[in-house]
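Novice: got a predicted model here, sequence first, then my questions.
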Amino acid sequence: MRKSAAALCGAAVVMAGSLTAVPADASTPHSAAAVSAAKVTWKKCGTASHPTLQCGSVKVPLDYRHPSGRMITLALSRVPHTAKTYQGPLLVNPGGPGGSGLSLAGFVASSLPKEVAAQYDVIGFDPRGVGKSSPALDCKPGSFKPVRPDSVPSTTAIENANLARAKSFAAACGKKYANVLPHINTVNAATDMDSIRKALGAKKINYFGYSYGTYLGAVYGKLFPERVRRLVLDSIVDPTGVWYNNNIQQDYAFEGRQQAFLAWIAKNDSTYGLGKDPARIEAKWYAMRAALAKKPAGGKVGASELEDIFVPGGYYNGYWPYLAQAFAAYANDKETGPLVEAYANFGAVGASGDNGYSVYASVQCSDTSWPRDWRQWRKDNWAVHAKAPFLTWNNAWYNAPCAFWPVPAKRPVNVANSKLPPVLLFQATDDAATPYHGGVTVHRLLRNSSLVVEQGGGNHGITLSGNACLDKHLTTYLTNGKVPRGKGVADAVCKRLPDPKPASAAPSAAAASPSAAAASPSAASPSAAPPAGAARGTALHDLVGFRG
């Protein structure tokens, strides 16, 4: 996936004819307008890292078509403005779907220049179903308990075992949340944002979203264009491919990032001792996978769990040194301990991960239709696997409950928009989770947008992550609303950050990797603090999480 911004400027963009402005059976801005929101009561919940942090909540209708019916609660966080110049609330979202935004408020407020952050109330929120919002979904606790069946369905028995897991999860969601599930979708989450705006007493909001948060922000802009003051989208979802096609495209892109990782290991053979030929290193990785399929490391890390460990490296290359060390320890010395530790730090799913996955599935499976015939999934994924074996089947099973989802699907929103003020977009050319063409597509769909490209960058979530060039554009926009204007598709291009240096010591679970529960972005707590300098990238990616 190493294509230049210039080469991709002419990439074709498919305008899906099946998109509709607002799903006919979904909530609309008109139904939301009838909802009155009480002002938020803020309470101190500051920490040593974020002493001014405040927490609150707002009640919103479960079903906006019945605003006087059942109410649910959304958890909020706030770092209040301190400057005389006040530019209003800045809502932030880390992605997912299923990611908690409570911690992101503190991260954004402390990562922006003080004089800029001081002009905003930075507002974090847990979308409906997430984290500290109520009800918080947990369809089937322990669904990712190791050891799972091998993700590659090389036999009918393995395929049936994985199908049983997917069907069981979908059925559990439908049974446990029969009255809630029909209302967990992106349109309702966007409408909730407008309820938050009302509760904050603001005529307009500013918004900053990563990953899935870019789609949420684009949908909000479509539903409530007159309520948008500034809009920042970083690592952009292709709205014309939600969600089945986007997941297929991810598989190819993650293959590219895995190849980049293997090439990086080859360049650092003096540290890892795995050889200087990426192809031979890849063969060792798949030999490790085959061995773990037969005998899981520590009784926890089988073939599927091994993939879970290495997926985060496709999101953020800051994890590469620690993943490479665990790989080398097993391949060179048959040591299983580092892999087990890496699984605890990068792959294991705790209670918050169960919650995040439940919301992820609920939103993606409901937002749009998925193939209901498993034969279509089998055909498509075997074809992709032939070219991109690293993630294809792992990703397929992650999304497989959508083939059996108990809630009727809606039609996705056509986010094309000419009514918004200037919008600022950020995209890395080699991003695997949200490939580059998504940024180009949204740039064309949002008429008044500007696209800033990180040339050669492969990380997912690129602003406030150590790249001063990108952050300069972000800071300028949040300060005065000005965006770069270029003649090509990319209005501005920034150089990527250098790849990380190899680690010379055993990885530190506390300093080098996310918590065990951070396989879902909803794992973070409002007390999480971003470190300064290059380590800020790790702090951001712990919040943005994986699969988002």
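Specialist: Ah, there it is.
Novice: average pLDDT for stretch 420-439?
Specialist: Here stretch 420-439 scores 98 as its mean pLDDT.
Novice: now do that stretch: distance to the chain's middle.
Specialist: The gap between the average C-alpha position of stretch 420-439 and the chain average comes to 13 Å, counting by Cα atoms, centre = their mean, to the nearest Å.
Novice: contacting residues for Asp354?
Specialist: Neighbouring residues of Asp354 by Cβ atoms under 8 Å, 6 or more residues apart in numbering: 138-144, 520. Glycine gets a C-beta too; all of them are placed from N, C-alpha and C.
Novice: any idea which of those residues is the one closest to Phe327?
Specialist: Closest approach between those and Phe327, by Cβ to Cβ: Phe144, at 21.5 Å.
Novice: mind checking how far the closest one is from Gly88?
Specialist: The span separating Phe144 from Gly88 equals 40 Å under the rule Cβ to Cβ, to the nearest Å.
Novice: neighbours of Arg448, how many?
Specialist: You called it Arg, but residue 448 is Asn. Using other Cβ atoms under 10 Å as the criterion, Asn448 is surrounded by 13 other residues.
Novice: name the SS class of Lys410, please.
Specialist: Counting by DSSP: H, G, I helix; E, B strand; the rest coil, the backbone at Lys410 sits in coil.
Novice: what about it, distance to Val483?
Specialist: Per Cβ to Cβ, Lys410 is found 32 Å from Val483.
Novice: one more: Asp150?
Specialist: 48 Å.
Novice: likewise Ala117?
Specialist: Per Cβ to Cβ, Ala117 is found 19 Å from Val483.
Novice: how about stretch 297-311: buried residues?
Specialist: Of the residues in stretch 297-311, those with enough neighbours to count as buried (16 or more other Cβ atoms under 10 Å) are 297, 300-311.
Novice: just the strands in the stretch 301-450 of the chain please.
Specialist: In the stretch 301-450 of the chain, strands defined by DSSP state E, counting those that start in this stretch lie at 423-428, 449-455, listed in chain order.
Novice: looking at those strands, which is buried most?
Specialist: strand 423-428 (a mean of 27; mean count of other Cβ atoms under 10 Å).
Novice: closest to Lys387 among the buried residues of stretch 297-311?
Specialist: Each of the buried residues of stretch 297-311 was scored against Lys387 by Cβ to Cβ, and Glu307 proved nearest at 16.8 Å.
Novice: isn't that closest one up against Leu391?
Specialist: Yes. Taking contacts as Cβ atoms under 8 Å, Glu307 lies within contact range of Leu391: 6.9 Å.
Novice: could I get the full set of strands for the chain?
Specialist: Along the chain, the segments classed as strands by DSSP state E run 43-44, 54-61, 71-79, 89-93, 121-125, 205-210, 228-234, 423-428, 449-455, 492-495.
Novice: show me what the longest one is in contact with.
Specialist: Outside strand 71-79, the residues within contact range by Cβ under 8 Å, 6+ apart are 40, 42, 45, 50, 52-62, 101-103, 105-106, 109-110, 117, 121-128, 131-135, 192, 195-196, 526.
Novice: kindly recompute the last result at 6 Å.
Specialist: Judged by Cβ atoms under 6 Å, 6 or more residues apart in numbering, the contacts made with strand 71-79 from elsewhere in the structure are 52-59, 62, 102, 105, 109, 121-126, 132-134, 526.
Novice: in PyMOL, how would I select just the buried ones from those?
Specialist: For the buried members of the contacts of strand 71-79, the matching PyMOL selection, counting by 16+ other Cβ under 10 Å, is:
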select buried, resi 53+54+55+56+57+58+62+102+105+109+121+122+123+124+125+126+132+133+526
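Novice: before we move on, back to that, more neighbours, Phe144 and Gly88?
Specialist: Neighbours were counted for Phe144 and for Gly88 using other Cβ under 10 Å; Phe144 has more, 22 against 19.
Novice: would you check that the more buried one makes contact with Val349?
Specialist: Yes. Phe144 is within contact range of Val349, at 4.0 Å (criterion: Cβ atoms under 6 Å).
Novice: all good on my end, thank you.
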